[in-house]
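K.L.:
Quick one: sequence plus predicted model below, questions after.
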Amino acid sequence: MEKFFKLLYYYGLGIFVFFVVYLVTVMFMSPRQDALKRGFIPCTEQLVNDISECKRGSISCPLKHLLTDIKCNTVVVLDGFGAWVKGKQSSPWETYLFTPVTEAEIDDLNPYEGNSYDDMQELEEQRAFIEQKQQELDAAKNRSLNLKEDVLLSDPDKDEEREYIFKEDTLIEGELGNIDDETYIGDMEPQKTPENEQKEEKENNEKK
């Protein structure tokens, strides 16, 4: 008799551990958004609303609502198993593991004829394609800029022109730096030439 109770205890403990692991796994894999509010979504929303009403620093209030949420999720799993046993659905997890629908799919005025999951996958692929092309475009622009810089640096005509301008500026700066007032005034006086000397001599004779 004692062995029977031990086996019963171990079987019960194993079933409990298996159920907890199964519940955590299916909750992790279940959809988070659905227009029809199926599966664990109502339980999660109720948990969030209840915990938001708890006072800050309280421990008993969140724990109480967490236990209530576990009961709600357990009921969802058991309902799915019961519906499967009764033949209402093809699998026990069909109640909480499903393809989510959007508001557009259940809009009677503007019916949606596609599949939201497939459309989201297609949009994700298009987004990844656009990002890849943008990266390739940026890389091509960078290569073009680097190529232009290399051409300018390797052009001997450009280098000679820069060197000439640099030397010319240096020479001009040196000449302006050596000019003083007397030199500047002297440069303003006319230079003496044979013609100027003859003209000056002629003017002096006329004055006499």
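P.N.:
In hand now; what should we look at?

K.L.:
avg pLDDT for stretch 43-54?
P.N.:
For stretch 43-54, mean pLDDT is 90.

K.L.:
nope, stretch 63-81 is what I was after
P.N.:
Across stretch 63-81, the average pLDDT comes to 92.

K.L.:
which SSE is residue 35 in?
P.N.:
Using DSSP states H and E, residue 35 maps to neither a helix nor a strand.

K.L.:
Same question for residue 142.
P.N.:
helix 116-154.

K.L.:
for residue 56, same thing?
P.N.:
Here residue 56 is assigned to no helix or strand, by DSSP H and E.

K.L.:
what's the answer for residue 22, then?
P.N.:
helix 2-29.

K.L.:
tell me what that helix is packed against?
P.N.:
Applying 3 or more CB pairs under 8 Å, 6 or more residues apart in numbering; DSSP states H and E, one finds that helix 2-29 contacts helix 60-85. For every residue, glycine as well, the C-beta is placed using N, CA and C.

K.L.:
The helix it packs on: which residues count as buried?
P.N.:
Buried residues in helix 60-85, defined by neighbour count with 16 or more other CB atoms under 10 Å: 65, 69, 73, 76-77, 80, 83-84.

K.L.:
Just the pLDDT for the nearest residue to residue 83 once chain neighbours are set aside.
P.N.:
Leaving aside its chain neighbours, residue 83 sits nearest to residue 89 (4.9 Å; criterion: CB to CB, 6 or more residues apart in numbering). We have a pLDDT of 87 for residue 89.

K.L.:
Tell me how far residue 89 lies from residue 70.
P.N.:
For residue 89, the distance to residue 70 (CB to CB, to the nearest Å) stands at 23 Å.

K.L.:
if we can go back for a sec, thought the residue nearest to residue 83 was touching residue 82?
P.N.:
No - here residue 89 lies out of contact with residue 82, judged by CB atoms under 8 Å, at a distance of 9.9 Å.

K.L.:
still on that earlier bit, any idea whether the residue nearest to residue 83 is helix, strand or coil?
P.N.:
When classified by DSSP: H, G, I helix; E, B strand; the rest coil, residue 89 comes out as coil.

K.L.:
Tell me how far it lies from residue 79.
P.N.:
From residue 89 to residue 79 the distance is 10 Å (CB to CB).

K.L.:
can you list residues touching both of these two?
P.N.:
residue 95 (CB atoms under 8 Å, 6 or more residues apart in numbering).
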